[in-house]
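Visitor: have a look at this prediction, sequence included:
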Amino acid sequence: MTTIKLDLTGLKCPLPVLRTRKALKALSAGNKLEVRCTDPLSVIDIPNLIRETGDKVEIVARAEDHIVFVIEKAG
């Protein structure tokens, strides 16, 4: 199992969710994607994307200036 890191800091909606979707398509089942965002709307958009894809998401860090998600690709 590998974890791919995706730094999307500085990008505004809809770019974080679009780039997350693209990165998830390239992952194999069981692998993880760690996404770092600064866009406050990503707290809504990325979990909504994951509900659509059926993968698992966890917010592992939420600070004033960034949010970090870890997404596990479903099999």
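Guide: Received the coordinates, thanks. The structure presented is a predicted model; accordingly, all values stated were derived computationally and were not measured.
Visitor: from Leu27, how far off is the nearest residue to Ala61 once chain neighbours are set aside?
Guide: Among residues not flanking Ala61 along the chain, Val68 sits closest, at 4.0 Å (Cβ to Cβ, 6 or more residues apart in numbering). Yep, even glycine has a C-beta here, placed from its N, CA and C like the rest. As defined by Cβ to Cβ, to the nearest Å, Val68 lies at a distance of 17 Å from Leu27.
Visitor: the more surrounded of these two?
Guide: Neighbours per residue (other Cβ atoms under 10 Å) separate Val68 from Leu27, with Leu27 holding more: 18 against 15.
Visitor: and the closest residue to that one other than its chain neighbours, what does it touch?
Guide: Spatially, and ignoring its direct neighbours in sequence, Leu27 is nearest to Lys73 (4.3 Å; Cβ to Cβ, 6+ apart). Counting by Cβ atoms under 8 Å, 6 or more residues apart in numbering, Lys73 makes contact with 24, 27-33, 55.
Visitor: tell me which of these fall in strands.
Guide: 32-33 (DSSP state E).
Visitor: kind regards, and thank you for your time.
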